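In: Using only what follows, build the 3D model:
(chains A and B)
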Number of protein chains: 2
Amino acid sequence: MKTAKAKAIDGGVLAARGFRAAGVPAAIKYEGRNDVALIVADAPCSAAAVFTTNKVAAAPVIYDRMVAKGGKVQAILANSGCANACTGDDGYRDAELAALATAGELGIDPRHVMVASTGVIGRRLPMDRLLAGMKAAKAALGATEDHAMAAAKAIMTTDTRPKQAAASVMVGGRRVIVGGMAKGSGMIEPNMATMLAFVTTDAAIAPAMLRRAVKLAVARSFNRIVVDGDESTNDSLFVMASGAAGNEPIARAGEDFDAFLSALEIVAVSLARQMAADGEGATKFVTVCVKGARTARDAERAARAVAKSPLAKTSWFGKDPNWGRVLAAVGYSGADVVDMKTEVFYGREWAFRCGKVADERQLARLAKVMEKPELDVTVDLHLGVHEARIYTCDFSLDYVHINADYTT
Amino acid sequence: MKTAKAKAIDGGVLAARGFRAAGVPAAIKYEGRNDVALIVADAPCSAAAVFTTNKVAAAPVIYDRMVAKGGKVQAILANSGCANACTGDDGYRDAELAALATAGELGIDPRHVMVASTGVIGRRLPMDRLLAGMKAAKAALGATEDHAMAAAKAIMTTDTRPKQAAASVMVGGRRVIVGGMAKGSGMIEPNMATMLAFVTTDAAIAPAMLRRAVKLAVARSFNRIVVDGDESTNDSLFVMASGAAGNEPIARAGEDFDAFLSALEIVAVSLARQMAADGEGATKFVTVCVKGARTARDAERAARAVAKSPLAKTSWFGKDPNWGRVLAAVGYSGADVVDMKTEVFYGREWAFRCGKVADERQLARLAKVMEKPELDVTVDLHLGVHEARIYTCDFSLDYVHINADYTT
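Out: Numbering: from 1, shown residues only, chains lettered A, B, ... in the order given. I've put the predicted structure just below:
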């Protein structure tokens, strides 16, 4: 029997059965916009989470790491507008209090509540408003698409649009759904920086297998995006599995696990691509692919160097097929490269081919490719068989506008 | 006896005796601006050079590496407007031909000529115009300040001003002068990226000691600047010592060497700072200092992470004392950091102090500091005794403007 094929479907964090959510305005930073989200499962779920590798981790991350050890989560309270980072012991107590108050309000086990924050660093959470928001969110809980959308909007910071994705797959004769929402934008780098993602599924799956699936899916999605190379203090991915699909619980590797993983990957990759496409000020979604590398590590670091290069990123914004900057970034990445063996493509059009540069006719073709809102930049090193792909965006005037004025 | 104290003086690449220079327009890329510079010593000089570590090295770099092995240089031909990079064997032959033709025209040993190029990657040098420019430059050679300035202007690309520096020091009873010129701007990173610097001195010094002095001076100057984190294919620093000062040749470590090094350092640091201050689109010269680090490596990587962070750089442009981004960059740098032990200062004003954030009064003081065109950003980790300093600039709207439109 072949592994069942997962397919993308409409929906978000409430596509899977067994969850309710809400998003409400609580004036954490601005009046009148949703900034508190609450996701509640009908019962304690198998849970897995991945957090920032930044040594300056925010209070909610420190708190959640402890909760994650239990492997069970039933509710997550999230806020935008304030990151609760660099707030010391007081900030930690705020995170803890928010979790405990949520558990109390919902009447669930306080060890099963996680918290997430995103926004400005170094400010204390306005606890009265957050807790009032939490109560309002509890009162507003529901399982419709509108509820999912309200929650997705409540976690946005400089995102220009809410990010949702869902997929379904057959697992042991039962239809399993995975769905999620995310926020991204600035500070996005390799190891999951300023992103929050919340994924729910109705699959029945053991916590250990869920952790394994999440690790694999993250490596192929969130850890492959770069916006500006900065990495935040708050990044977190939360996954909850309710088991409501009624499948035989996935307890080992095999077809069922593979099927579930494929659905999780669709959701994770979709959310990751939405984040890259909505990078602060981005006008283009760019996929950088380095192939023909001597080693996997070479492919990876060359692709990351190109994706992070401010000179390459500004050239994409300028619709300029400036392959020289791409090649220069590969050159300083540490990867093996022989310029005269290398090809650089934009879309399917070559710009530099083993020493040959585009003539007027080829430049005209390139000009067309550069106009598109989605751009593939491919570097073929012709030195080996390894390949790596990084999702990113261009670097625009608006990136500077947005980030020059963020706190003030 | 104490080591003599070097002091900065006026002048540039012709401050030292024994050299002539010229800068002329040769229409390499644009009409009517100086783009070919020629520096000629009266006799073969002790020489040292440092080149880009980018694996995609430009043709002139490959050529000069060979010349550098001889340790003697009498002339350097430089052009802006075309980098002669990624041009393969043909480009190498162009660099070689330019050097040989210069030697022929000057009637000097062809093994004593270096070449340097900066500008767009992937275009062949217009050899007819370059060689015509070389001949015109030879005819225009002279030793006045105007000649030095003309040469300094000829190497500019997106630089907004020419960069010159000079210093003098007593060495064994003789006055020794070191002077130089440089171009910087985009793609400047740790290991000397898209910078060209030309330094001359009338000191008498053995090639091995000159190399040693250059290595030490570079570590404290050019390798401490960051503009955008990109590293170019063409970076080169050239140093020629004519011996015209008549000092006892410096052949070993000791007071004379230290005195010479101190003058060389003044020139190198001044040129490096001028480059950082004139980073593409820069509105601010920023010195990032990380102190109290557990190790020297921690200090270095934390300072570099802050200096390279697009989020920190855009906040400086926005005059926003956003210490959260500074601390986040330290956090992902890999350096040991405990946020509650850390202080962040702008100028002499603190913004974050071991968990305490600035109140309104302190913010008012910070606002004044952020207005200034020179900004010191200091992070004290309070974990050890190590310290590192990086010179950089902010990231402005103009950086994006300049780089979105460079080749097209």
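
In: From now on I want contacts and neighbour counts done on CA atoms only, so please keep to that.
Out: OK.

In: Do the longest helix along chain A and chain B come into contact?
Out: In chain A, taking DSSP state H as the definition, the longest helix is helix A:255-277. No. Helix A:255-277 does not reach chain B (CA under 8 Å from any CA of the partner chain); its nearest approach is 16.0 Å.

In: tell me which strands and helices that helix is in contact with?
Out: Packing partners of helix A:255-277 (3 or more CA pairs under 8 Å, 6 or more residues apart in numbering or on different chains; DSSP states H and E): strand A:7-9, strand A:163-171, strand A:174-183, helix A:207-219, strand A:285-293, strand A:386-393.

In: can you list the weak-confidence ranges in chain A?
Out: Residue ranges of chain A with pLDDT under 70: A:1-2, A:185-194, A:227-232, A:402-403, A:405-408.

In: residues in the stretch 1-150 of chain A within reach of chain B, list them.
Out: Within the stretch 1-150 of chain A, the residues that sit near chain B (CA under 8 Å from any CA) are A:Thr53, A:Asn54, A:Lys55, A:Val56, A:Cys86, A:Thr87, A:Gly88, A:Val120, A:Ile121, A:Gly122, A:Arg123.

In: correct me, but the fifth one touches B:Thr342?
Out: No. Applying CA atoms under 8 Å as the test, A:Cys86 and B:Thr342 come out as separate, 9.8 Å apart.

In: Have a look at chain A and report its longest strand.
Out: The residue-count maximum for a strand in chain A (DSSP state E) belongs to strand A:34-51.

In: Quick check on A:Cys86 and B:Thr342: which one has the bigger neighbour count.
Out: Ranked by neighbour count (other CA atoms under 10 Å in any protein chain shown), A:Cys86 and B:Thr342 place A:Cys86 first, with 30 against 20.

In: For that one, list the residues it contacts.
Out: A:Val56, A:Ala57, A:Ala58, A:Ala59, A:Ile121, A:Gly122, A:Arg123, B:Gly324, B:Asp339, B:Met340, B:Gly355 (CA atoms under 8 Å, 6 or more residues apart in numbering or on different chains).

In: Out of the residues you listed, which sit inside helices?
Out: A:Ala59, B:Gly324.

In: Now the nearest residue to A:Ala203 once chain neighbours are set aside: which helix or strand?
Out: Spatial nearest neighbour of A:Ala203, excluding adjacent residues (CA to CA, 6 or more residues apart in numbering or on different chains): A:Gly243 at 4.6 Å. Under DSSP states H and E, no helix or strand contains A:Gly243.

In: residues of stretch A:243-251 that come out buried?
Out: Within stretch A:243-251, the residues scored as buried using 16 or more other CA atoms under 10 Å in any protein chain shown are A:Gly243, A:Ala244, A:Ala245, A:Gly246, A:Asn247, A:Pro249, A:Ile250.

In: quick revisit: overlap of the contact sets of A:Cys86 and B:Thr342?
Out: Joint contacts of A:Cys86 and B:Thr342 (CA under 8 Å, 6+ apart) are B:Gly355.

In: Could you give the number of residues near A:Glu31?
Out: 10.

In: That one reaches A:Val24, doesn't it?
Out: No. Using CA under 8 Å, A:Glu31 makes no contact with A:Val24, being 11.1 Å away.

In: picking up where we left off before, A:Thr3: which of the contacts of A:Cys86 is nearest?
Out: A:Ala57 (38.8 Å; CA to CA).

In: mind listing what the closest one touches?
Out: Here A:Ala57 is in contact with A:Ala85, A:Cys86, A:Thr233, A:Asn234 (CA under 8 Å, 6+ apart).

In: before we move on, what about A:Met149?
Out: A:Gly12, A:Gly23, A:Pro162.

In: which one of the residues you listed has the most neighbours?
Out: Going by other CA under 10 Å, A:Gly23 tops the contacts of A:Met149 with 32 neighbours.

In: Not counting the helix or strand where that one lies itself, show me its contacts.
Out: Here A:Gly23 sits within strand A:19-25, counting by DSSP H and E. Under the criterion CA under 8 Å, 6+ apart, residues A:14, A:31-42, A:133, A:136-138, A:140-143, A:147-154, A:200, A:242 lie in contact with strand A:19-25.

In: and it, how far from the chain's centre?
Out: 20 Å (CA atoms, centre = their mean, to the nearest Å).

In: Any idea what the spatially closest residue to A:Ala99 that is not a sequence neighbour is bridged to?
Out: Leaving aside its sequence neighbours, A:Ala99 sits nearest to A:Val113 (CA to CA, 6+ apart; 5.6 Å). Note on A:Val113: beta-bridge partners A:Ala75, judged by DSSP bridges.

In: In the stretch 251-400 of chain A, what residue lies closest to chain B?
Out: Of all residues in the stretch 251-400 of chain A, A:Gly318 sits closest to chain B, at 4.0 Å by CA to the nearest CA.

In: coming back round to it: taking the contacts of A:Ala57, tell me the two that lie furthest apart.
Out: Pairwise over these, using CA to CA, the maximum falls at A:Cys86 and A:Asn234, 10.6 Å.

In: which residues are in contact with both of those two?
Out: In contact with both A:Cys86 and A:Asn234: A:Ala57, A:Ala58, using CA under 8 Å, 6+ apart.

In: As PDB, could you dump the C-alpha coordinates of the helix or strand harbouring A:Ala116?
Out: Per DSSP H and E: A:Ala116 is located in strand A:113-120. In PDB, the C-alpha atoms belonging to strand A:113-120 read as follows (Å, rounded to 0.1, in the frame of the first residue of the first chain):
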ATOM      1  CA  VAL A 113      -1.600  25.900  29.200                       C
ATOM      2  CA  MET A 114       1.000  27.700  27.100                       C
ATOM      3  CA  VAL A 115       1.500  31.400  26.400                       C
ATOM      4  CA  ALA A 116       2.900  33.300  23.500                       C
ATOM      5  CA  SER A 117       3.800  36.900  23.000                       C
ATOM      6  CA  THR A 118       5.100  39.000  20.100                       C
ATOM      7  CA  GLY A 119       5.800  42.700  19.800                       C
ATOM      8  CA  VAL A 120       8.000  45.200  21.300                       C
END
